[in-house]
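# just need the structure, nothing else, for what follows:
(one chain, ligands or ions: 1)
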Amino acid sequence: MIYSLKKIFPLHFILLALIPILVGCIIDIELIELRLIVIQLIWIVLLLIVLNIIKIPVLYRIVLTLYFLIGCIEIVHWVILKAPISLTSLLVLSNTTLNESFGFMEAKSTFWLTILVPYLIIYIFSIQSKQIQFNLNIKNWVVWLLFSAASFFLIENLVHERLIRKGTPLLIRVIDSYISQKTLFDEVAANNEPKNILVKNNSTSPSNTFVVILGESCNRNHMSLYGYNRNTSPKLGKRKDVISFDNVISPYSNTINSVLSILSNHNLENNIKVNKRIDLIDLFHSANYSTHWISNQSPIGIWDNQVTVFANKSDHVTHVNLSSSSSFESTYTTSYDNKVLEPFIKTLHSSAKNKLIVVHLMGNHISYRKRYPQEFDFFKGNGEKNRTIAKYDNSILYNDYIVDSILSILATDPNTKYSSAIYLSDHGENVYDDELNRTGHNYSKTIPKANVEIPFIFWASESFKKMNIETVNTILKHKNKRFISDDLFHSVLDLNSIETEYLIQSRSVFNQNYNSKRIRILEDGYDYDEK
Ligand SMILES: [Zn+2]
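The predicted model follows:
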């Protein structure tokens, strides 16, 4: 019986189908979903049994050839981008010249491409193989058991209208999402010009680098820096060169509205429409800065499309999270934030005199366990609730390491003398912090405080401080003032001495004319300070 099974499911076919996944397992096993392997096997079973029934050799060879070609694409993709094919990687590739794509390749990658040689040999052997005899034994019950199981899987997914999303091999899923997201690709291609605005760069230093580290779902009440009982921010806590603001909230409790508001002149009070807003990329570009966006968030999906279109106005855009085809998918896949460090170093080494760098982290987004590597699995808890809190706290511990690393790189980079940075989170996160025992950050009605209470940390190099003594003194004086991050726009322009009609001093928390009396009414209509 085994002999006849081997004839129906020849080893060469299975190798052609599974070698690309095997290459993926060796390159980064954390990015391989078990489901992917199962789906691949199910399709092999179905195709081979059907091909055995219809007995047309040329059709068999066409299927083999298709598997071979798709396999080659997948292997090359794994080797170059270190990730499975995803819509994200298509977006990145469509935005990158071929030369740059090969820039992702390291020396040892070239070695990996030699895997294509045995792969080709298997293919040549398989289309010539005499093993194709199409001798399906009708009495072989194992064949029919496999066939029924595979058919059941497909029909079940078909009935529930999720065949493409959950029941097809990766490439088909990716092509399907590509077709449905085509408008995003067009929009990204069309919106890559920042506005030119009349500005005056009043900075007296010979060069300047400003970094916004944009965190994700970080509730400051889980940081020891802000008094949390677990030591979750040991590194930032030790630093003598950071100033932490302790009364800052985000305008919204979701990424897209917050990010677009934090970086533009929109705020909760003026409600300027998206296409009428002026943002930091426009203004820094106009002030002769080179602008950089480095992101570990997925550029595709309902939460991120608009941010991607926005980010794309920067001179240099680097997406390092290629593991998923949508922002939703990226919530349960792994892409640690340390991936931003290398492009960050490269950016600092680039030749421009003045730089604006936005680093968008995956931070502390749900699923918490996917946000930190094993070495940071430090806090433990009993029971589901405490375990969830422990995982969130571990992600805060890892985030502490990432933010501290970025600051250290900035502080010690020999090319970057005059620099400053701000770390803040797009919004907070409720990790059983409110009385309703909830987790997450998206609520339609009332917003718990945990969802908007964010960290806000200022850092500057010694040279920058010497040049801006008065501003640094004001910053120190204001660190306990209340602030909403939708006015970060004004604070950043002010800090970097960019003069423009769009800068309102009373909205800059770094300015001595700052008005801290602004009433903080959130999107749910409640006054935060009276909650
Ligand atoms: Zn967010």
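
# most distant residue from the middle of the protein?
residue 139 (51.8 Å; C-alpha atoms, centre = their mean).

# am I right that that residue is in a strand?
No: under DSSP: H, G, I helix; E, B strand; the rest coil, residue 139 sits outside any strand and is assigned coil.

# which pLDDT value goes with it?
Residue 139 is assigned a pLDDT of 71 by the prediction.

# gap between it and the ion?
Taking C-beta to the ion, to the nearest Å as the measure, residue 139 falls 59 Å from the ion. Glycine gets a C-beta too; all of them are placed from N, C-alpha and C.

# phi, psi for the spatially closest residue to residue 290 that is not a sequence neighbour please.
In space, and not counting its chain neighbours, residue 290 is closest to residue 352: 3.5 Å by C-beta to C-beta, 6 or more residues apart in numbering. Main-chain torsions, residue 352, degrees, to the nearest 10: phi -60, psi 150.

# wait, residue 352 sits on residue 291?
No: using C-beta atoms under 8 Å, residue 352 is not in contact with residue 291, being 9.3 Å away.

# settle it for me: which of these two has more neighbours?
Shown here are residue 352 and residue 291; by other C-beta atoms under 10 Å, residue 291 has more neighbours (23 against 16).

# please, which helix or strand holds residue 281?
helix 280-286 (DSSP states H and E).

# and that helix, what does it pack onto?
On a contact count with 3 or more C-beta pairs under 8 Å, 6 or more residues apart in numbering; DSSP states H and E, helix 280-286 meets strand 290-295, strand 354-360, helix 488-495.

# so which bits of that helix are buried?
Applying a neighbour-count criterion of 16 or more other C-beta atoms under 10 Å, one finds 280, 281, 282, 283, 284, 285, 286 buried in helix 280-286.

# before we move on, the earlier item: any idea how far the residue nearest to residue 290 lies from residue 292?
Going from residue 352 to residue 292 by C-beta to C-beta, to the nearest Å gives 9 Å.

# looking at it, residue 399 is touching residue 218, isn't it?
Yes: using C-beta under 8 Å as the test, residue 399 is close enough to residue 218 to be in contact (6.3 Å).

# what touches both of these two?
363, 364 (C-beta atoms under 8 Å, 6 or more residues apart in numbering).

# for the host helix or strand of residue 408, packing partners?
Residue 408 is part of helix 383-412 when elements are defined by DSSP H and E. Counting contacts by 3+ C-beta pairs under 8 Å, 6+ apart, helix 383-412 packs against strand 208-215, helix 234-238, helix 341-349, strand 419-425, strand 430-431, strand 456-460.

# now do the first one: distance to the chain's middle.
Meaning strand 208-215. 17 Å (C-alpha atoms, centre = their mean, to the nearest Å).

# ok, the closest residue to the ion within the stretch 251-400 of the chain - how many residues close by?
Across the stretch 251-400 of the chain, the shortest distance to the ion (C-beta to the ion) belongs to residue 255, at 3.0 Å. By other C-beta under 10 Å, the residues close to residue 255 number 24.

# how much space between it and residue 65?
43 Å.

# can you tell me the centre-most residue of this protein?
Most central in the chain (C-alpha atoms, centre = their mean) works out to residue 297, at 1.5 Å.

# what's the closest non-adjacent residue to it?
residue 360 (5.3 Å).

# what is the one you found paired to in the beta sheet?
residue 214, residue 295 (DSSP bridges).

# pLDDT below threshold where in the stretch 101-250 of the chain?
Judged by pLDDT under 70, the stretch 101-250 of the chain has its weakly predicted residues at 101-109, 130-138, 184-185, 187-191.

# could I get the helices and strands packed on helix 383-412 as a markdown table with mean neighbour count and distance to the ion?
Formatted as a markdown table, the helices and strands packed on helix 383-412 follow (neighbours: other C-beta atoms under 10 Å; distance: least, C-beta to the ion, whole Å):
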| stretch | mean neighbour count | distance to the ion |
| --- | --- | --- |
| strand 208-215 | 25 | 9 |
| helix 234-238 | 15 | 20 |
| helix 341-349 | 16 | 20 |
| strand 419-425 | 24 | 8 |
| strand 430-431 | 24 | 13 |
| strand 456-460 | 24 | 15 |
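
# can you tell which of the ones you listed is closest to residue 35?
Ranking those by proximity to residue 35 (C-beta to C-beta) places strand 430-431 first, at 28.0 Å.

# identify the residues contacting the closest one?
Under C-beta under 8 Å, 6+ apart, the answer for strand 430-431 is 219, 222, 388, 389, 392, 438, 439, 440, 441, 448, 450, 451.

# if we use 6 Å, what do you get?
389, 392, 438, 439, 448, 450, 451 (C-beta atoms under 6 Å, 6 or more residues apart in numbering).

# and the stretch 151-300 of the chain, which residues reach the ion?
216, 255 (C-beta under 5 Å from the ion).

# do that again at 6 Å, thanks
216, 217, 255 (C-beta under 6 Å from the ion).

# would you say the second one is within a strand?
No: the assignment for residue 217 is coil, going by three-state DSSP, so no strand is present there.

# the nearest residue to it once chain neighbours are set aside - how many residues pack around it?
Distances taken as C-beta to C-beta, 6+ apart place residue 429 nearest to residue 217, at 4.1 Å, with adjacent residues excluded. Neighbour count of residue 429, defined by other C-beta under 10 Å: 29.

# and the residue in the stretch 1-150 of the chain that the ion sits nearest to, what's its pLDDT?
Nearest residue of the stretch 1-150 of the chain to the ion: residue 88, at 17.4 Å (C-beta to the ion). pLDDT recorded at residue 88 is 72.

# tell me the contacts of it?
298, 299, 300, 322.

# where is pLDDT lowest across those?
residue 300 (72).

# residue 293 versus that one, what's the distance?
In terms of C-beta to C-beta, residue 300 sits 15 Å off from residue 293.

# please say which of these two ends up with more neighbours.
The residue with more neighbours, out of residue 300 and residue 293, is residue 300; 28 against 25, by other C-beta under 10 Å.

# identify the residues contacting stretch 326-343?
Under C-beta under 6 Å, 6+ apart, the answer for stretch 326-343 is 30, 294, 296, 298, 300-301, 303-304, 318, 320-321, 323-324, 359, 361-362, 366-367, 370, 373, 402.

# so which of those residues belong to helices?
residue 402 (DSSP state H).

# flag the shaky bits of this protein, pLDDT-wise.
In the chain (pLDDT under 70), the answer is 1-3, 91-109, 130-138, 184-185, 187-191, 301-305, 442-446, 531.

# now the residue of the stretch 401-531 of the chain found nearest the ion: phi and psi?
Closest contact between the stretch 401-531 of the chain and the ion, by C-beta to the ion, is at residue 426 (4.2 Å). Backbone torsions for residue 426, taken as degrees, to the nearest 10, come to phi -60, psi -40.

# go ahead and confirm it touches residue 255.
Yes: if you go by C-beta atoms under 6 Å, residue 426 and residue 255 touch, sitting 5.1 Å apart.

# where do the helices sit along the stretch 101-250 of the chain?
107-112, 116-128, 141-159, 163-167, 170-180, 182-190, 234-238 (DSSP state H, counting those that start in this stretch).

# so what secondary structure elements neighbour the last one?
If contacts are counted by 3 or more C-beta pairs under 6 Å, 6 or more residues apart in numbering; DSSP states H and E, helix 234-238 sits against helix 383-412.
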